[in-house]
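Novice: Okay, structure incoming, though there's no sequence with it:
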């Protein structure tokens, strides 16, 4: 019985630590936020366009000179698109995309003068 209690207590601590480690960044643009190397990327994927907003703890990160390559995966259906700067902290592409709930979005974002970062999210 003691082993079971210890296991449950340990598991609770691990889950709690993981929740706090992910940060508490709420979406501002209707997308999904993921933090990578202290930078927050909000991925907004819709059938008519893909956008990524970049912030550093609430402050816009300049996307001038940046680029992103995005892969959309729905089962075995895969498509790719390149995003270009479209404002102060935004990269985007307009068009027709197969985006629905559960679509896996993988983006490789390269900010000017920085190392490329990979962001992975699922469309809710």
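Specialist: Thanks, I have it. As the structure is a prediction and not an experimental result, all values here were calculated from the model.

Novice: following the lowest-mean-pLDDT helix or strand in the chain, which helix or strand shows up next?
Specialist: Scoring the helices and strands of the chain by mean pLDDT, DSSP states H and E places helix 2-21 at the bottom, with a mean of 41. Next helix or strand after helix 2-21 toward the C-terminus (DSSP states H and E): strand 32-36.

Novice: hmm, who's touching that following strand?
Specialist: The contact list for strand 32-36 (Cβ atoms under 8 Å, 6 or more residues apart in numbering) reads 22-23, 25-27, 40-43, 105, 117-124. Every residue, glycine included, has its C-beta placed from N, CA and C.

Novice: Can you select the buried ones among the residues you listed for me in ChimeraX?
Specialist: The ChimeraX command for the buried members of these (criterion: 16 or more other Cβ atoms under 10 Å) is given here:
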select :40,41,42,43,105,117,119,121,123
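
Novice: Strands - which of the contacts of strand 32-36 land there?
Specialist: Among the contacts of strand 32-36, the members falling in strands (DSSP state E) are 40-43, 105, 117-122.

Novice: Name whatever forms a beta bridge with the residue lying closest to residue 89 once chain neighbours are set aside.
Specialist: Among residues not flanking residue 89 along the chain, residue 60 sits closest, at 3.7 Å (Cβ to Cβ, 6 or more residues apart in numbering). Counting by DSSP bridges, residue 60 is bridged to residue 55.

Novice: got it, and residue 119?
Specialist: Beta-bridge partners, per DSSP bridges, of residue 119: residue 107.

Novice: which ones are touching it?
Specialist: Applying Cβ under 8 Å, 6+ apart, the residues contacting residue 119 are 34, 36, 41, 43, 52, 105-109.
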